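Student: sequence and predicted structure are below.
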Amino acid sequence: MKTHLICTAIDRLTEVGARGAKMAQPDHILMLVRGMTLLKDVPIGFVTKPVAFNQDLKALVANENVNPLFLSYLLVEKKRVMMGLVNTANHGTGRLDTNLLKALPIDIPPLPEQRKIADILSTWDRAIETSEALLATARTQKRALMQSLLTGKRRFPEFEEQEWKIGGLDLLAEIHMGQSPAGSTYNSDGIGSPLLNGPTEFTDRHPVARQWTTKPTKMCKDGDVLVCVRGSSTGRMNVADGAYCIGRGIAAVRKRNGLTDTVYLQQLLHSLVELVLSRAAGSTFPNIDKKSLNALQVHIPTYEAQKRIGLVLADADDEIDSYVGDIKNLHAEKKALMQQLLTGKRRVNVDA
């Protein structure tokens, strides 16, 4: 249940399977009551189409004097309280007891006000869904652009006659493998060089240091592409926005001056994530070494073509970032509204 309004599902049942399945109907509310997820969240969804559910979920049916959509939003607002009701079974799985759930105290306004509040909040949900659909489309278009522009299948008219090379990544970049400094040199007071040891400091784009070292070993530079090369996060990437000391779990991929455009290199590496993972050695603890990174086969256009391709793909990233920002803002606005409308701090006018 990744969205509040349940309109579809990833899995499907055959007609035979559906006959024996428990079905939630439109206006029912589905809530997770068993599973590891309960240790960090209580997923709640409002059903808009018939959907089958298993024993880890409960379907709630609102009483006649309660608007079901309003109730679903009210339960979301009560998540923090419900988290306190979750206990763990013998094997550590979270469990939300039905009797405790039934005893949960809630405040219900008159039915007309419930409907009005539900209409207001569902407007935000629809806006979020629209923005998420636009984001998904933008990401699909970006992937298509990368597949065509970074392989030479699609070329800009002014560069059509120029020859592309195919070779190892080492023709475009230098690989600098990280080396962890002694643990005794670490601090969280901002003294020395910022230190990156792995994915815990990575974000959507640029890393955020949480530790520093007074005796840095290997340093990356502004614009380097940082690649996780050890463990389950192998292949995850960020772009350095300054100088950092890098530990052994990270490699810095640095452009070759005069031969490689920084943005092109960044986009190229992001397109190679799956290939990087395929080169990783080890199943339980994957890792990739400098030789394997250098051997990654890439298409290499002229420097001017690289710059043009990089600009187009960077514009696509800007569009994606814009939609991501819109979605974050809409979620924040909806959360603020819920805190006001579902606690009675802010009342709504209901037409007579």
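Tutor: Cool, the structure landed. Residues are numbered from 1 along each chain as shown.
Student: okay, the nearest residue to residue 246 once chain neighbours are set aside: pLDDT?
Tutor: For residue 246, ignoring the flanking residues on the chain, the nearest one in space by C-beta to C-beta, 6 or more residues apart in numbering is residue 178 at 3.5 Å. Bear in mind the C-beta positions are built from the backbone N, C-alpha and C, glycine included. On the pLDDT scale, residue 178 is placed at 95.
Student: how about the one 10 residues further on?
Tutor: Listed pLDDT for residue 188 reads 94.
Student: quick check: it vs residue 206, distance?
Tutor: Here residue 188 is placed at a distance of 19 Å from residue 206 (C-beta to C-beta, to the nearest Å).
Student: quick one: which of those two has more around it?
Tutor: When residue 188 and residue 206 are compared for neighbours, residue 206 comes out ahead with 13 against 9, by other C-beta atoms under 10 Å.
Student: residue contacts, that one?
Tutor: Residue 206 makes contacts with 238-241, as judged by C-beta atoms under 8 Å, 6 or more residues apart in numbering.
Student: could you redo the last one with a cut-off of 6 Å?
Tutor: Residues in contact with residue 206 (C-beta atoms under 6 Å, 6 or more residues apart in numbering) are 239, 241.
Student: specify the local secondary structure of it.
Tutor: Here residue 206 is recorded as coil under DSSP: H, G, I helix; E, B strand; the rest coil.
Student: now residue 304: which helix or strand?
Tutor: Here residue 304, judged by DSSP states H and E, is contained in helix 303-341.
Student: centre of the chain to that helix, how far?
Tutor: 13 Å (C-alpha atoms, centre = their mean, to the nearest Å).
Student: re the thing from before, isn't the residue nearest to residue 246 up against residue 247?
Tutor: Yes: contact status for residue 178 versus residue 247: in contact at 5.0 Å, counting by C-beta atoms under 6 Å.
Student: ok, the two, which is more surrounded?
Tutor: Neighbours were counted for residue 178 and for residue 247 using other C-beta under 10 Å; residue 178 has more, 27 against 20.
Student: give me the phi and psi for that one.
Tutor: With angles defined as degrees, to the nearest 10, residue 178 sits at phi -70, psi 160.
Student: make 880 the starting number, not 1.
Tutor: Yep, numbering from 880; the last one is residue 1057 now.
Student: and the strands in the stretch 930-1079 of the chain?
Tutor: 930-932, 936-939, 966-967, 973-974, 1044-1047, 1052-1056, 1065-1066, 1072-1075 (DSSP state E, counting those that start in this stretch).
Student: quick check: which of those strands is buried the most?
Tutor: Stretch with highest mean neighbour count among the strands of the stretch 930-1079 of the chain: strand 1072-1075 (a mean of 22; mean count of other C-beta atoms under 10 Å).
Student: CA atoms of it as PDB?
Tutor: Only the C-alpha atoms of strand 1072-1075 are listed here, as PDB (Å, rounded to 0.1, in the frame of the first residue of the first chain):
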ATOM      1  CA  SER A1072      38.200  16.500   6.200                       C
ATOM      2  CA  PRO A1073      34.600  15.300   5.700                       C
ATOM      3  CA  LEU A1074      34.600  11.500   5.500                       C
ATOM      4  CA  LEU A1075      32.500   9.200   3.400                       C
END
